[in-house]
Structures are given as C-alpha cells and as structure tokens.
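*Asks:* Fold the following for me, if possible:
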Amino acid sequence: MATILDKISSENFSLEDIDVSAIEEIDSWLPTNEVMDVNIAEQGLVKTLSAQNACQEYISRVDRIISIMDGKRDVAWAEAALTGAPSAGHKTAKDKEWFAQADPDYIEACNEVALAKAAKKWLENKADHFKGWHYAFKTFLKRDYDLERLGNFQQGGYNSEPSSGSRKRSSDFEVNNESEEVKWSE
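*Replies:* Model (predicted):
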C-alpha cells in the first residue's frame with residue numbers, strides 16, 4: 001500500500017540529488033523551430049504531460065524540505081540569540097538579535113532555505129513551461145483534426161456545382177420557424 005507520506009517523504013531525499021535529466025531531455029526535445037506536424041504534436045502531448053507530472057512530484061517533496069529547513073533555521077537563530085550571544089557578552093535584545101543574524105549556523109540554514117526555494121521555483125517554472133507546450137500541442141491537434149473532419153464531411157456546406165450564374169440574396173429565402181427549415185425561393 002502506498003501512502004501520501006511515502007510520496008512526500010524527505011527521508012533519503014536531498015536537493016542536490018534531484019535527477020532532472022528526464023525533464024531536461026524532454027525540454028531539449030521540444031521544437032525550437034516553427035515546424036510542427038501531427039506526429040510531433042501527438043508525442044509532445046504525452047511527453048509534456050509526463051514532464052509536468054515529474055516536476056509536480058518533486059515540488060511536493062521540495063516544499064516539505066523547505067518546511068523542515070525553515071524549522072532548522074529558526075532553531076539556529078534561537079540558539080545563537082539565547083545561548084551564543086550571552087556567552088559572547090551581549091546583553092541587550094538588539095545585540096543578541098544582531099549576533100544571531102551573523103551566526104554562521106544561522107547563515108548556513110538561511111542559504112539552505114534559499115537553495116530549496118530556488119529549486120522549487122525552477123521546478124514550478126518548468127512545470128508551467130511544459131503546461132504551455134501541452135496546450136500548444138493540444139490546440140494544434142484540435143485544429144488539425146477539425147480540418148480533417150471538415151475535409152471528410154460529405155456535405156460540407158460548399159456547393160461544388162456552379163449555379164446558373166445568379167447568387168442567392170438573403171431576401172431570396174424563407175425560414176419556417178416551427179421546423180427552423182430554410183427554403184430558397186425559386
């Protein structure tokens with residue numbers, strides 16, 4: 001049985017070890033020129049959805065890491081302010097605060113939080129990038145399939161036979177409102 005805790009567990013997970021090679025591979029596969037065809041669009045639908053999914057899974061784990069690191073940062077600040085500052089001879093609240101903000105453990109914890117937030121932002125931007133491409137592929141395929149459907153439609157609304165040379169005017173037809181049937185007057 002898989003649990004949500006298994007999916008967002010921070011155990012055996014570090015920011016430095018996030019494998020983004022699959023995400024980068026899909027990103028480099030995306031068309032860089034303006035050439036698009038049905039095969040590329042159909043493959044792109046699947047690939048961009050897969051890449052979005054990978055980004056979202058990492059985002060949830062990174063979000064959890066950020067919360068844990070925020071706690072560690074707060075602990076480092078509190079220890080520096082409450083323990084380190086008095087032992088260094090600082091007595092006022094402002095001196096203790098300044099001492100805590102300059103503490104190497106606190107600064108290191110702040111840098112780890114910043115790294116985690118940057119990783120999350122990068123993943124969110126990639127997920128949005130793939131979402132945009134997914135929409136573009138879907139729009140291209142919808143338009144292509146609509147054109148194909150129109151081309152295969154037997155009575156597509158275009159008259160393939162030329163008329164006797166006279167065009168019908170809007171005043172040349174009557175509408176039966178009960179059946180919404182249009183009749184041309186001859």
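
*Asks:* Only C-alpha atoms from now on, for both contacts and neighbour counts.
*Replies:* OK.

*Asks:* can you pull out the helices in the protein?
*Replies:* Under the criterion DSSP state H, the chain contains helices at 4-8, 21-29, 38-79, 85-87, 93-101, 104-152.

*Asks:* quick one: contacts of the first one?
*Replies:* By Cα atoms under 8 Å, 6 or more residues apart in numbering, the list of residues contacting helix 4-8 from outside reads 57, 60-61, 64.

*Asks:* Got a quick PyMOL command for the buried subset of these?
*Replies:* Listed next is the PyMOL selection for buried residues among the contacts of helix 4-8, using 16 or more other Cα atoms under 10 Å:
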select buried, resi 60+61+64
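
*Asks:* Quick one: the contacts of helix 4-8 as JSON lines, columns for distance to Thr32 and pLDDT too.
*Replies:* Conversion of the contacts of helix 4-8 to JSON lines gives the following (distance: Cα to Cα, whole Å; pLDDT from 0 to 100):
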{"residue": "Glu57", "distance to Thr32": "27", "pLDDT": "90"}
{"residue": "Ser60", "distance to Thr32": "30", "pLDDT": "90"}
{"residue": "Arg61", "distance to Thr32": "31", "pLDDT": "90"}
{"residue": "Arg64", "distance to Thr32": "35", "pLDDT": "91"}
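
*Asks:* Looking at the helices of the chain, which is nearest to Ser14?
*Replies:* Nearest to Ser14, of all the helices of the chain, is helix 38-79, at 8.3 Å by Cα to Cα.
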